[in-house]
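Asker: Mind folding the following:
(chains A, B, C and D, ligands or ions: 6)
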Amino acid sequence: MPTDTNLPVLTAKDFASDQDVRWCPGCGDYAILNQVRKIMASTKASRENTVFVSGIGCSSRFPYYMNTYGFHSIHGRAPAIASGIKIANPDLNVWMVTGDGDALSIGGNHLIHVLRRNFNLKILLFNNRIYGLTKGQYSPTSEAGKKTKSSPMGAIELPVTPLSIALASEASFVARAIDVDRNLGAVLDRAAAHKGSAFVEIYQDCNVFNHAAFEYATDRNQKEEHVLYLEHGKPLIFGKNRDKGIMLRNHKPEVVTVGDTGVKADDLVFHDETDENLAFLLSRMSHPKFPEPMGVFYRVEDQCYEDMLTKQVQDAIKQRGQGDLDTLFNAGETYEVKG
Amino acid sequence: MPTDTNLPVLTAKDFASDQDVRWCPGCGDYAILNQVRKIMASTKASRENTVFVSGIGCSSRFPYYMNTYGFHSIHGRAPAIASGIKIANPDLNVWMVTGDGDALSIGGNHLIHVLRRNFNLKILLFNNRIYGLTKGQYSPTSEAGKKTKSSPMGAIELPVTPLSIALASEASFVARAIDVDRNLGAVLDRAAAHKGSAFVEIYQDCNVFNHAAFEYATDRNQKEEHVLYLEHGKPLIFGKNRDKGIMLRNHKPEVVTVGDTGVKADDLVFHDETDENLAFLLSRMSHPKFPEPMGVFYRVEDQCYEDMLTKQVQDAIKQRGQGDLDTLFNAGETYEVKG
Amino acid sequence: MVSGASATHTSMGRQQKDVESAVVRFAGDSGDGMQLAGTQFTDTSAVFGNDVATLPDYPAEIRAPAGTVAGVSGFQINFASTDIHTPGDAVHALIAMNPAAFKAHIEDVETGGLVIVNDSEFDKVNLRKAGYPEGYNPLDDEKYSQRFRIIRVPITRLNEEALADSGLSAKDIGRCKNMFALGIIYWLYDRPMDVTTNYLEDYFGKKKKLPQVAAANVNALKSGHAFGETTEMFPVRYHIAKARVAPGKYRKVTGNEAAAMGLVTASKLAGKDLIYCTYPITPASEILHSLATMRNFGVKTFQAEDEIAAICAAIGASFAGQLGVTGTSGPGLCLKSEALNLAIIAELPLVVINVQRGGPSTGLPTKTEQSDLLQALFGRNGDSPVVVIAAQSPSDCFDMAIEACRIAITHMTPVILLSDGYLGNGAEPWRVPSADQFAKITVKHPTDPATFKAYDRDANLARPWAIPGTPGLEHRIGGLEKANGTGNVSHDSMNHQVMTDLRRQKVEKIADDIPAIEPHGSPSGDLLVLGWGGTYGTILTAVNRARAQGKSVSCVHLKYLNPMPRNLGEVLKRFKKVLVPELNTGQLRLVVRGKFLVDARGLNKVQGKPFLVEELQQAIDLMLTDKWGENESLTPRNHQLT
Amino acid sequence: MVSGASATHTSMGRQQKDVESAVVRFAGDSGDGMQLAGTQFTDTSAVFGNDVATLPDYPAEIRAPAGTVAGVSGFQINFASTDIHTPGDAVHALIAMNPAAFKAHIEDVETGGLVIVNDSEFDKVNLRKAGYPEGYNPLDDEKYSQRFRIIRVPITRLNEEALADSGLSAKDIGRCKNMFALGIIYWLYDRPMDVTTNYLEDYFGKKKKLPQVAAANVNALKSGHAFGETTEMFPVRYHIAKARVAPGKYRKVTGNEAAAMGLVTASKLAGKDLIYCTYPITPASEILHSLATMRNFGVKTFQAEDEIAAICAAIGASFAGQLGVTGTSGPGLCLKSEALNLAIIAELPLVVINVQRGGPSTGLPTKTEQSDLLQALFGRNGDSPVVVIAAQSPSDCFDMAIEACRIAITHMTPVILLSDGYLGNGAEPWRVPSADQFAKITVKHPTDPATFKAYDRDANLARPWAIPGTPGLEHRIGGLEKANGTGNVSHDSMNHQVMTDLRRQKVEKIADDIPAIEPHGSPSGDLLVLGWGGTYGTILTAVNRARAQGKSVSCVHLKYLNPMPRNLGEVLKRFKKVLVPELNTGQLRLVVRGKFLVDARGLNKVQGKPFLVEELQQAIDLMLTDKWGENESLTPRNHQLT
Ligand SMILES: Cc1ncc(C[n+]2csc(CCOP(=O)(O)OP(=O)(O)O)c2C)c(N)n1
Ligand SMILES: Cc1ncc(C[n+]2csc(CCOP(=O)(O)OP(=O)(O)O)c2C)c(N)n1
Ligand code: SF4
Ligand code: SF4
Ligand SMILES: [Mg+2]
Ligand SMILES: [Mg+2]
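Answerer: Ligands and ions are numbered 1, 2, ... in the order given. Model (predicted):
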């Protein structure tokens, strides 16, 4: 991402726009906004070279609150807008903010394609498992059976797992964090550092229409039992006393107790950020049966669409020379008509 | 699927409509059409209760050639049309035919959602890795670097793997076959028997715009080395001499030689159709690095959307009685105005 | 505004004024429960026997920051002893729960109007949040105190005192202050309190199982009432007699509730399951919410992944033989356009409800507008005739929903029903019908293979609705041009001409199946006001007033926009001038001019609000007095047409 | 049709006729290479110095079954020594390579016209495939032999004999028979063969590295020519002199090629990279194919996952400061409508090319039509004014593509450029311009934070194009209504009115930046024929012929549909009557009537084909002689207007 060291170092505050923030009191979006502003500062992003793009939803109001360039587009289409921006100017530092409805309901297809194209683009999906802006209908990540305004007898769809979709879409960086969790900053930091499409799901509390949806993962009395922090090369251990772990029995994951009473740490699965199959397996582990992994599931270095496209332009110029209009006009079968 | 045994048994020919088939000479679609007609007969499908739905594309012309009800809809939207049909009449035997562009480019989002909703619906994706009807642009399944009319310098996207997407979309049945391959019939048979969304990718040769894209998997001299037929509970063995297999070394797949010189069959991975993580791993194995698995990757029994919805209607009636309009009109705060 | 103030008598040292109607507006923070206070006042007045019309007005954000102008939520009620058709222009009594509410609404209060402010909230902090300059308090500003009767009541404090020993938390006590305010207004307009007390006990007591909260709210309400009674602050008290509305059983409905009930009714009349496929969008979502609770009517709601999937599922449902309906708002209609064309060429019954909002693009999602008419008529590739009808009042959404289904089924065509945010969210009293008063919708499904042709035509030029499951009628339809008769794919030149003509004629022929129009007022005259949709009440009121003043004005309100009533052209010719008021920049106007070559002029407003009666009266006068000039259209801008 | 047959002299026992123009049509199976034969004949004639106009006509299916009528592919050329504007009505010489081709095209041949059939293919099997009754051969039917000069040539066999020792497979030899047929025609119309022989050697010899195939094709061509020369079958030979067209360098272009070159040219004139984002669709895909080969011009093509992503990417590209363009056809335009509205409210430059095809829905993908005009003008929610312009000939697509970009950039607005299948695939000679003859497109990007306001206005009412990367101009835009000036989100009522007006006025003001219209013919008179788009050539030809007969007819062809030229209304008033011919059911007609209240009548045709000159002449005569009657519109049906 482009930075200019001559510029005065910016603080998180410098990334706050002059618009007053309009989310409900207690909305998880506030915490994320603060973290992102911090990351902008800590990664020395420059305001003028940074663009925040979003779709429609409470979460998608995000760009208005960043003192950078911003585009609050239409529902579900942010990935396409962001793609156009990167194609037109690959140097820009583009962040996309979306919701579970915006990204996975109306926008699901664009998400797949922006990921497989691997634009150098940071994607933050605020997952509150509800349609917030439209006042509380169930979303593609709402639990089966969830009762909402639009599903008074309970939703009858299986929810999708954003991370599984991202992995199947060939994403080059896949991670998860929680709005109020300590490691959100670290995950965003990793995402910012990744060159390519970085997909980050963020559990976000919709205080008004889906309050406490993630209590199991945020409530200090139980979270340690329900959340597993991933560390590359380290065994999958969790629990307040770090005495629980994940093991594979004929390639199926299982929760086991570690320590003298149980199995050894070495028998556990060791996290490997480069293993897409492991990443998928981890993405399938969900509460209450399993602890839910947080952190970086998967990452791989790969070329970015915008760079390859620019390279084709350069190669074409190398091979055929700077395009000349007259040559173009005169190409093909031409003939003279004499006066 | 509804069948009526009093009816005279139908033959494949009985499922041919009066329209002459209009695909290019040598198109793989012909072989699939024949197999599907056979399956209709062998599964005792009834013409009047069967509906073929498609989007737009060469493949999507399919319904015109079946003597059943049919809907050749618009590009990418067949899953939604089919969903509406199943909701309106759960008893119908609905098959959807789509192409790699129709299903994964414009229609990708509908595919995800129709699968996660698990309608009792058979989905056949004819993957010829090209846009046929529009005369040869690259598609979401075209190999990276592929040169086509729209990518003269080579496509710069990573292709998506239809089966990975289907698995991430919570599909309850995921399989693959080849237009001219012997096991297409068997796979279609399994799909027909499955209650729920059955997703079948069919490698299909576009004789005109992408000829021989699947030669490695169809050419009798090499296919045995490049294709691995999946059998539930059996080890993953392939090769003309059945001397090659797939083993996992710290949960990464590897091609190994079996038999006295190599490892034992017991050390190989045994196929388990109920293991979604194994299915995903298999879906990632691709030519030339790996043999490409054919057959049923994954299946699970689960409730169908249309049944659950119908059940909600029945429950509502049980709980609140058959809806009565007058009660409805008089609900809420009413008041008399005297004359 | 209060109209027809008549007898004024004095009771216990207080003046009591009988008035014909009054307009009251509750305004406060989104959190202050103004919508509840407003609906309670409406219910009470309706049950009391007044005619009522309401206009809720809430911010776009889920919850804008407390205390800011953006966060202000308002609710206006017009209630009367005569019958009324609009929520009223100028406000007679404004209840402002904080400075922001005062700022946002004060300009709508009539001169001499009553402004009851919650004095407790007019402190430094709130004044700043409302964006007033440091040290300034509008309540001390003569500019206002001279124009209005401002009454400062420390509602927050009084409410706290009243509920001191309610056992509730300070927060919950604060939540009751809307009831305290409502109590004052109940006293001021001499309303009974039972409707509200019953509601509070039902909702909080029984439903939410919070008897304490119920008690506290009732207590707050009564305290407010007592306060009005005892304090000397209110020299005058108003009384609005029962209205002389047609006797019978009534209830309040919003347009969206009415539409939902209309759809269910139509499905029963046709003996079909209602399959409502949609994707949530403001202001149409409530139709989904209502229908989702009606499973026991055989209603199946399908919340699709987007608008395209929604309409496609509805099309699939119709193909499979049930009643496929989809609902949305403007941006969603854009997305449905391609599939709508599929339904047009497939000639399947389909109803598309479009609850219009401010555009273009995301625009003003919570504000009303009528600017999707041209999109509804023409927003598809190719020549793609579709039926377009529009509801003219909240309760009319019920009738028009039935009508949409009837036309779609009898004529095998998609029908777009236009509603708007004002109709959808606005409420009005509805004379409760009885289920048996509606005519059945006859559905024909062919079964005879010998005579079946998929694109055969009946007297309406409708093709047969042959449904999967019928032996021998297996056929294929799709988006490619169809061969006349068989419905097979055809690329034949002449066939395309024939089918294009047939599609057009089929829709035009529906004009034989809809009522001719009769101008309200006189059959002919100087000026015809031609309207459509949600402006009905305002136009009617303005025309009635003009006629009362002896002006030669009549009006026609179009419920059928394509096809239009057969006699419209002829009726237009009977008037010297035509005025087309629309909450857009002139969409019906263009079509009427183009179709009938009449020099129709437009009154056009896109301000997220309905017309004021006053604005229409001005327009009528300008047209009649030839002061209108050459302008093809004029727009009301603060009480002036420019 | 041949026109102006003049001197007839005899050379070596053969008649040689000098004619002004002739219409030739090649027809055969999709596999028979008729498109190649046609383009070769066109190139040869153009290079020879004739004016040419062509009309390719191929089946929708990739390859319909060989031998069937559905599989017939045709290519028509009109070539002349005068300048011509249409591919011609009636066919002078038809080359039918099989029975299906004969069946599909025979009715278009003028009486006395030449029909050269490939006799070898008229066997039982092919006759059946063509759908002729058993035992019937149309060549033996007097019905035809009396009307036409049918010449039976066993082309397949003669070709085989000629290439017997070419060393090619039977299949490959068969592939050469189109060249044999072409050879005959070259002889018949006295054309040089070098253009084609060069092409064959280049393409097969050099490019495909198949010298044998090249040689065989050349051989077939020459054998065909020799056959014409030697056999007695052709009593007459025709000669068409060079045309008196403006001297200079020419080439053939299709509308889609021209559009692609126009876009690249515009991007260079503006100093911007062209970012062309699209999703393949017939008949627009060739624009993508051409541009994809122009990477060395800095062109970036983006094949998106669908039309919505395509337009959104183009919008993103414009926001980021480059030239964002998207292209599609009707169904795709439906899908783009929501995002187009975003560009309208965001006020960003954007060009949308819509190559129209037969609708509604998937309709007739490979046939031409003009039926997306109303969608382009009105197909979005809310009041959403957009610029709409249209190309009138294949080469005009070049100019109008530049014009679209110029307007989009100078006025900060989306522009829809309408083309159609006939223009996109049709070819015409194009006088090769020189790059330096075009005016630069000035682009302004603000840089001064002190004075910057995102929704400020310049003299054009255009807002500043501030692009990411500019320090201090950081701002946010989006689809919600913008506050005038700052561009922040605003829900203010009056602001919405102001912004709606500004968006409309901005587009209306563009009328100051486009040329006024001048009728072709006389400034006033009895009849004005008002057209737009691809019907230009036909209308012009018909009007010229009518005027030649002394009729008081003129025509105006609109290239700007929104805004329209300032003086259009005034020009319309100068004529007693107005006729609007359109390949739709009357879309421009409705708008013109609505805007100008003129009683315009329509000639409307939706038969997947352009108008015939003859059809327009009939319409003109009916209008002039008052035989037209009250009909608002008439349609040509087999040589009759009804
Ligand atoms: C085309 C279109 N369809 C529907 C809507 C209505 N809408 C706005 S946001 C939204 C969903 C919001 O949910 P999510 O993406 O999860 O964001 P959240 O509000 O929960 O942060 C919907 C359905 C719209 N604005 N545009
Ligand atoms: C809305 C819309 N966009 C684009 C098209 C053009 N189109 C038709 S089929 C197709 C892709 C076909 O590819 P695929 O789905 O793989 O089917 P195939 O022809 O290869 O069997 C496209 C782009 C269309 N018909 N409609
Ligand atoms: S509705 Fe939910 S997500 Fe939206 S702002 Fe309020 S709390 Fe946040
Ligand atoms: S283009 Fe390809 S896919 Fe389409 S019909 Fe021909 S061979 Fe089959
Ligand atoms: Mg959400
Ligand atoms: Mg394909």
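Asker: from here on, contacts and neighbour counts on C-alpha atoms
Answerer: Noted.
Asker: ok, so what distance separates whatever residue of the stretch 51-200 of chain A ends up closest to chain B from ligand 5?
Answerer: Relative to chain B, the nearest point of the stretch 51-200 of chain A is A:N109 (4.5 Å; C-alpha to the nearest C-alpha). Distance of A:N109 to ligand 5, computed by C-alpha to the ion, to the nearest Å: 17 Å.
Asker: okay but that residue is in contact with B:N109, surely?
Answerer: Yes. A:N109 is in contact with B:N109 according to C-alpha atoms under 8 Å; the separation is 4.5 Å.
Asker: List the buried residues for stretch C:404-419?
Answerer: By neighbour count on 16 or more other C-alpha atoms under 10 Å in any protein chain shown, the buried set for stretch C:404-419 is C:404-419.
Asker: ok, so of those residues, who is nearest A:G99?
Answerer: Of all the buried residues of stretch C:404-419, A:G99 sits closest to C:S419, with 28.8 Å by C-alpha to C-alpha.
Asker: residue contacts, the closest one?
Answerer: C:G255, C:I353, C:N354, C:V355, C:Q356, C:A390, C:A391, C:Q392, C:C397, C:G533, C:G534 (C-alpha atoms under 8 Å, 6 or more residues apart in numbering or on different chains).
Asker: now the helices for the stretch 151-300 of chain A?
Answerer: Secondary structure of the stretch 151-300 of chain A (DSSP state H, counting those that start in this stretch): helices at A:162-168, A:184-193, A:215-218, A:223-226, A:276-284.
Asker: which residues are contacting the fourth one?
Answerer: If you take C-alpha under 8 Å, 6+ apart as the criterion, helix A:223-226 is touched by A:E215, A:Y216, A:A217, A:F238, A:G239, A:K240, A:H287, A:P288, A:F290, A:P291, A:E292.
Asker: Now rank those residues by neighbours and give me the top one.
Answerer: Neighbour counts for those peak at A:P291, which has 26 neighbours (criterion: other C-alpha atoms under 10 Å in any protein chain shown).
Asker: ok, now how distant is the closest residue to it other than its chain neighbours from ligand 2?
Answerer: The shortest distance from A:P291 to any non-neighbouring residue, by C-alpha to C-alpha, 6 or more residues apart in numbering or on different chains, is to A:H226 (4.2 Å). Going from A:H226 to ligand 2 by C-alpha to the nearest ligand atom, to the nearest Å gives 43 Å.
Asker: count of residues packed around C:T642?
Answerer: 12.
Asker: Might you report the residue contacts of the residue of the stretch 151-300 of chain C found nearest chain A?
Answerer: Nearest residue of the stretch 151-300 of chain C to chain A: C:H289, at 5.1 Å (C-alpha to the nearest C-alpha). By C-alpha under 8 Å, 6+ apart, the contact list for C:H289 reads A:K149, A:S150.
Asker: Close to ligand 3: what parts of chain A are there?
Answerer: Contacts of chain A with ligand 3, taken as C-alpha under 6 Å from any ligand atom, map to A:W23, A:C24, A:C27, A:C58, A:G132, A:L133, A:C206, A:N207, A:V208, A:F209.
Asker: wait, isn't the fifth one in contact with A:S60?
Answerer: Think A:G132. No. Proximity of A:G132 to A:S60 does not meet the contact threshold set by C-alpha under 8 Å, at 10.7 Å.
Asker: In terms of packing, which of these two has more residues around it?
Answerer: A:S60 (27 against 23).
Asker: avg pLDDT for stretch C:42-62?
Answerer: Averaging pLDDT along stretch C:42-62 yields 84.
Asker: Next, A:A155: phi, psi?
Answerer: Main-chain dihedrals, A:A155, degrees, to the nearest 10: phi -70, psi 140.
Asker: show me what contacts the closest residue to it other than its chain neighbours?
Answerer: In this structure, A:A155 finds its nearest non-sequential neighbour in A:G145, 4.5 Å apart by C-alpha to C-alpha, 6+ apart. Residues near A:G145 by C-alpha under 8 Å, 6+ apart: A:M153, A:G154, A:A155, A:I156, A:E157.
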